[in-house]
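K.L.:
Return a 3D structure for these sequence lines:
(one chain, ligands or ions: 1)
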Amino acid sequence: MTELLVLVDHSGGAPRRITLQLLAAARAVAPALGAEVAAVWLGPGAAEHAATLGAHGAVRVHHWDSADAKGYVTLPQVEALAALVAADRPAAVLFASSNHVKDVAARLAVRVDGGVITDATGLAVEDGAVVATKEVFGGDVITTSRVADGHLPLIGVASNAFAAEESGGGPAEVVALDVAPSDAATAAPVTDAVVQAGAGRPDIAEASIVVSGGRGLGDASGFELLERLADLLGGGVGASRAATDAGWYPHRFQIGQTGRTISPSLYLGTGISGAIQHRAGMQTSQHVVAINKDPEAPIFQIADFGIVGDLHQVVPKLIEQLEARRG
Ligand SMILES: Cc1cc2nc3c(=O)[nH]c(=O)nc-3n(C[C@H](O)[C@H](O)[C@H](O)COP(=O)(O)OP(=O)(O)OC[C@H]3O[C@@H](n4cnc5c(N)ncnc54)[C@H](O)[C@@H]3O)c2cc1C
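P.N.:
Predicted coordinates:
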């Protein structure tokens, strides 16, 4: 049977939550494609997680058990995937819409004559082809697109667009993928990898809760308050460009058109006006809560729940309540 392949994101060892969401997305469209869901794991460690992948719907996991998956920049992964695609001829490949994987997908597309769609928030099957929905221009326009017939669809799915759910399957069968990367692919070894400060908190692209701060915080110390709130909620901390440009928080946490795109279950914006460029990065959040002292702030137009007030009074009260509940 044809496979619908899911590229496993296992940075950190175990499959990340986005992988389980991708498997849910794959399960939603695989029957209409006449395909079964399979995973592909690049690097050591697949066998230990075959049960998890199976429980989320993968019947098998193609395993490239090679340290080369991590030891070099991108290309060995591309070659391994290209070899699998050539042998397996999957109906489509789903991947996490992270910057690293987008790079892999773009290079893979060139090699296998595929087409790439990124940041999909919905998938369907029409006339036997996968159709992806995505929001563009800050969420003002929703597009549906598909890869032209005869080309392999490579579809990046946004974090939290699908809910990870177990399907009750047994452990995925682990099938070895035997590929030796070319000399060209191993020309750029990774010599060092530094874990950035703040890594103790979930990455904002993956976190189900993101607490975000803007110019209204007043200065960098406002983010210490937000970090306390985020830690109580088990969330990540993001920022508007005004806040990152002011040097109050690192640029890698900027959300928006020129920053990161997030789709958490809950986005809590504090002291953020809700400019269109910011909304471009968080518009697909499932629930938006805003704290702003200006009742006319545009963020309230997209908020499910709004608090008009001074964040320096509201946020400490929230922290107090959450701490009291924790006991
Ligand atoms: C090409 C381009 C790309 C851009 N890309 C991005 C991007 O990726 N991300 C991004 O965020 N922006 C981006 N911007 C900037 C964007 O247009 C806005 O300027 C920016 O988002 C504003 O940030 P802010 O909401 O923190 O600040 P402001 O717009 O200044 O809003 C601050 C808000 O805080 C409220 N406030 C003030 N004090 C308090 C208080 N004590 N309590 C509660 N509320 C308070 C105010 O009422 C106000 O609504 C881009 C702009 C351009 C031109």
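K.L.:
Which parts of the stretch 101-250 of the chain are helices?
P.N.:
Residue ranges of the helices in the stretch 101-250 of the chain, as given by DSSP state H, counting those that start in this stretch, are 221-233, 241-245.
K.L.:
My understanding was that Pro250 contacts Thr244; is that so?
P.N.:
Yes: counting by Cβ atoms under 8 Å, a contact exists between Pro250 and Thr244, whose distance comes to 6.9 Å. Yep, even glycine has a C-beta here, placed from its N, CA and C like the rest.
K.L.:
Out of those two, name the residue with the larger neighbour count.
P.N.:
Neighbours of Pro250 and Thr244, each counted by other Cβ atoms under 10 Å, are more numerous for Thr244; the result is 22 against 13.
K.L.:
can you pull the contacts of the more buried one?
P.N.:
Listed by Cβ atoms under 8 Å, 6 or more residues apart in numbering, the contact partners of Thr244 are Pro250, His251, Phe253, Gln254, Gly259.
K.L.:
so how far is Asp304 from it?
P.N.:
Going from Thr244 to Asp304 by Cβ to Cβ, to the nearest Å gives 25 Å.
K.L.:
Next: Val314.
P.N.:
Val314 is 16 Å from Asp304, where distance means Cβ to Cβ.
K.L.:
Buried among the contacts of Thr244? Make that a PyMOL selection.
P.N.:
Per 16 or more other Cβ atoms under 10 Å, the buried members of the contacts of Thr244 correspond to this PyMOL selection:
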select buried, resi 253+254+259
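K.L.:
Distance of Leu5 relative to Ala176?
P.N.:
Taken as Cβ to Cβ, the spacing of Leu5 relative to Ala176 amounts to 16 Å.
K.L.:
Comparing those two, which shows the higher neighbour count?
P.N.:
Using other Cβ under 10 Å as the criterion, Leu5 and Ala176 rank with Leu5 on top: 27 against 10.
K.L.:
Doesn't that one lie inside a strand?
P.N.:
Yes: applying DSSP: H, G, I helix; E, B strand; the rest coil, one finds Leu5 inside a strand.
K.L.:
List the beta-bridge partners for the closest residue to Ala230 other than its chain neighbours.
P.N.:
Of all residues not flanking Ala230 in the chain, Val211 sits nearest, at 4.4 Å (Cβ to Cβ, 6 or more residues apart in numbering). Taking DSSP bridges as the rule, Val211 bridges to Val237, Leu268.
K.L.:
Enumerate every residue touching Val211.
P.N.:
Residues in contact with Val211, defined by Cβ under 8 Å, 6+ apart, are Leu226, Leu229, Ala230, Leu233, Gly235, Gly236, Val237, Gly238, Leu268, Thr270.
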